[in-house]
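Visitor: Predicted model, plus sequence, below.
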Amino acid sequence: MSVDPQKILRELFDTAIAAAHPRQVLEPYLPADRSGRVIVIGAGKAAAAMAEVVEKNWQGEVSGLVVTRYGHGANCQKIEVVEAAHPVPDAAGLAVAKRVLALVSDLGENDRVIFLLSGGGSALLALPADGLTLADKQQINKALLKSGATIGEMNCVRKHLSAIKGGRLAKACWPATVYTYAISDVPGDLATVIASGPTVADPSTSADALAILKRYAIDAPKAVIDWLNDPASETVKPGDPCLARSHFQLIAKPQQSLEAAAVKARQAGFSPLILGDLEGESREVAKVHAGIARQIVLHGQPLKAPCVILSGGETTVTVRGNGRGGRNAEFLLSLTESLKGLPGVYALAGDTDGIDGSEENAGALMTPSSYSRAEALGLSASFELDDNNGYGYFAALDALIVTEPTRTNVNDFRAILILETSPS
């Protein structure tokens, strides 16, 4: 069939993003009674867009404060939107976290709070525990991001170093009723992991956090180690009475976006294979995808071309080089190196928030000619992978995907499109 593979891949990516946008998913979950006063707070890359939906659909008095990443704001009239840094917290995030905590203190049992939560909220709502400084949290955050730790491990440490995460925000709201609406950006969609679970119970312990720092050989400040050895560092545990009025609702998750992309693929004439939410080193996950693609091309297993392999989740990158690039660029560079121009195979990898790591691109595109074109430019996929330079590699090929901030976040999206090829 006559198709434009790159156009189809981009349509699949756009479909996945649209399926998780707050304007599509939030309104049906809001309380049936939308009269009366409500205080809206929020944190994450989708927080401002979520606040805009609440404003448009609430009949009573609305006020509040949400924090989102720089450039991810929205047109809110009643709810204040503040922008701060991600993935490493800054002074703006610290200041707004203090204000959020003050806003929900001293509430009564007749008060209602809506908490809008999405990926990125952990770094954006950064309020260090007593005795710790923002510099302490920044140092730990940077080390964790480079270590190869999973998002669950990173958030275990973050919540035990926080005055607001690990259920502590719900505790501050007590005895008000709290409705948390969350967009998941984590494998498994665990409420305790999404933005470090500010309004839900946390079964992990300070000992777990210490073990993670040891596992990844992270040189933590003495104040951090002392705090984690203090019983006061423990988070709010299951069964705590302060959570009795706290309600958690997941409104969008990566699986929904993968299924929406699968429907779009079928409409375009491609059989979809959903691998689901995946974790692991980006380059290693790419090798598995490459093996599946090769099996399809050579043997028509586990399905025949034309088809598309879809996956999501959050991979990790252990930074050893000096190049530029996020998880998705690293994945795609490893895929390119593994396939070496295998005919009929095209791929896209991008972050649904529009930002791959800390770069301005969402991700990149690979075609069967990417490997040879790069070699003609003097670029070795293997060498660039050693330098963690996925961004530089695909920038040289003019193959970066730039979307601008999407104002949602269900994590990474990967699609490998495999066309029928003529026998050689």
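Guide: It's in.
Visitor: which of the residues in stretch 237-247 are buried?
Guide: Using 16 or more other C-beta atoms under 10 Å as the test for burial, stretch 237-247 gives Asp240, Cys242, Leu243, Arg245, Ser246. Glycine gets a C-beta too; all of them are placed from N, C-alpha and C.
Visitor: what does it rub up against?
Guide: In this structure, residues lying in contact with stretch 237-247 by C-beta atoms under 8 Å, 6 or more residues apart in numbering are 109, 167, 170-171, 173-180, 199-203, 236.
Visitor: cutoff 6 Å now
Guide: Ala170, Lys171, Trp174, Thr177, Val178, Tyr179, Thr199, Ala201 (C-beta atoms under 6 Å, 6 or more residues apart in numbering).
Visitor: Between the two ends of it, how far is it?
Guide: By C-alpha to C-alpha, to the nearest Å, the extent of stretch 237-247 from end to end equals 15 Å.
Visitor: what does stretch 174-186 give?
Guide: Note: stretch 174-186 ends 27 Å apart using C-alpha to C-alpha.
Visitor: Quick one: mean pLDDT for that stretch?
Guide: The pLDDT scores in stretch 174-186 average 96.
Visitor: next one: stretch 158-168
Guide: Mean predicted confidence for stretch 158-168 is 96.
Visitor: next one: stretch 384-392
Guide: 97.
Visitor: So what touches it?
Guide: Here stretch 384-392 has contacts from Val319, Gly321, Gly323, Arg324, Gly325, Ala329, Glu330, Leu333, Ser334, Glu337, Glu359, Tyr393, using C-beta under 6 Å, 6+ apart.
Visitor: What subset of the residues you listed is buried?
Guide: The buried subset of those (16+ other C-beta under 10 Å) comprises Gly323, Arg324, Gly325, Ala329, Glu330, Leu333, Ser334, Glu337, Glu359, Tyr393.
Visitor: If we only consider the residues you listed, which is nearest to Gly44?
Guide: Glu359 (19.4 Å; C-beta to C-beta).
Visitor: what residues are up against that closest one?
Guide: Gly326, Tyr391.
Visitor: same check, this time on Ser257
Guide: Ser257 is in contact with Ala16, Ala19, Ala20, Val410, counting by C-beta under 6 Å, 6+ apart.
Visitor: Leaving out chain neighbours, which residue sits closest to the second one?
Guide: Leaving aside its sequence neighbours, Ala19 sits nearest to Ala260 (C-beta to C-beta, 6 or more residues apart in numbering; 3.7 Å).
Visitor: Helix, strand, or coil at that neighbour?
Guide: helix (DSSP: H, G, I helix; E, B strand; the rest coil).
Visitor: Repeat that for Gly321.
Guide: Per three-state DSSP, Gly321 ends up coil.
Visitor: Tell me how far it lies from Gly148.
Guide: 14 Å (C-beta to C-beta, to the nearest Å).
Visitor: Kindly report the same for Ala223.
Guide: 25 Å.
Visitor: Generate a markdown table for the contacts of stretch 384-392, with secondary structure and distance to Lys142 as supplementary columns.
Guide: A markdown table is the format used below for the contacts of stretch 384-392 (DSSP: H, G, I helix; E, B strand; the rest coil; distance: C-beta to C-beta, whole Å):
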| residue | secondary structure | distance to Lys142 |
| --- | --- | --- |
| Val319 | coil | 10 |
| Gly321 | coil | 16 |
| Gly323 | coil | 17 |
| Arg324 | coil | 16 |
| Gly325 | coil | 17 |
| Ala329 | helix | 19 |
| Glu330 | helix | 18 |
| Leu333 | helix | 23 |
| Ser334 | helix | 24 |
| Glu337 | helix | 28 |
| Glu359 | coil | 16 |
| Tyr393 | helix | 24 |
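Visitor: from these, which is closest to Pro368?
Guide: For the contacts of stretch 384-392, the nearest to Pro368 is Glu337 (13.8 Å; C-beta to C-beta).
Visitor: pretty sure the closest one is touching Ala381, no?
Guide: Yes: assessed by C-beta atoms under 6 Å, Glu337 is found in contact with Ala381 at 3.9 Å.
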